[in-house]
Every structure is written in structure tokens, then in C-alpha cells.
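missing the sequence, but the structure's below:
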């Protein structure tokens with residue numbers, strides 16, 4: 001059952017990444033030295049926001065491209 005459809009400001013359907021983020025956060029907690037998901041989320045958001053805010057001009061990336069780049073940066 002569909003409970004809601006998210007539409008972004010371009011009028012396109014939004015793909016929600018919450019489940020993916022939850023799984024990645026759980027993996028970081030299992031294998032890393034941080035046990036607070038909020039701390040991981042805060043760090044992650046700050047990194048993504050910095051990339052997103054710098055994605056203009058010659059370095060332009062869409063939000064989805066910035067998101068993928070951000071996820072790639074966390075693959076150690």
C-alpha cells in the first residue's frame with residue numbers, strides 16, 4: 001500500500017534513501033569505533049552539504065551525483 005508520494009521542487013518523484021542510510025550506518029557501528037548513529041548521521045550530513053554547496057560552475061553536480069560521490073567517499 002502506498003502511503004505517500006514525495007515530489008521534489010522540480011516536480012519529479014523523490015527516491016527515499018532512508019533504508020540505505022540505515023543499513024550503512026548499522027555497518028559503520030558494527031565495524032567502526034563510533035556507536036552513535038546520530039554522530040555518524042551528523043558527520044555524513046556535514047560532508048554531503050559541503051559537497052552539495054560546492055557543486056556549481058565547472059564543478060557542477062546534481063544532488064544525486066553529489067550523493068553518490070559522498071557515499072563513495074565513505075567506502076574504505
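Received the coordinates, thanks. If you're wondering where the values come from, they're calculated on a predicted model, not measured in any experiment. Residues are numbered from 1 along each chain as shown.

all helices of this protein, in order?
Using DSSP state H, the helices found in the chain span residues 18-31, 37-53, 63-73.

Dump these to JSON lines, plus distance to residue 3.
For glycine as for every other residue, the C-beta is placed from the backbone atoms N, C-alpha and C. Converted to JSON lines, the helices of the chain look like this (distance: least, CB to CB, whole Å):
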{"stretch": "helix 18-31", "distance to residue 3": "14"}
{"stretch": "helix 37-53", "distance to residue 3": "23"}
{"stretch": "helix 63-73", "distance to residue 3": "23"}
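
Which one of the ones you listed lies nearest to residue 1?
helix 18-31 (17.0 Å; CB to CB).

quick one, that closest one and helix 63-73 angle?
Computed by axes from the mean of the first three to the mean of the last three CA atoms, to 10 degrees, the angle separating helix 18-31 from helix 63-73 equals 10 degrees.

Give me the below-cutoff pLDDT ranges for the protein.
5, 7-16, 72-76 (pLDDT under 70).

now with 90?
Along the chain, the model assigns pLDDT under 90 to residues 1-28, 31-56, 59-76.

Show the contacting residues for the spatially most central residue of the chain.
Nearest to the mean C-alpha position of the chain, by CA atoms, centre = their mean, lies residue 67 at 5.2 Å. Residues in contact with residue 67, defined by CB atoms under 8 Å, 6 or more residues apart in numbering, are 17, 48.
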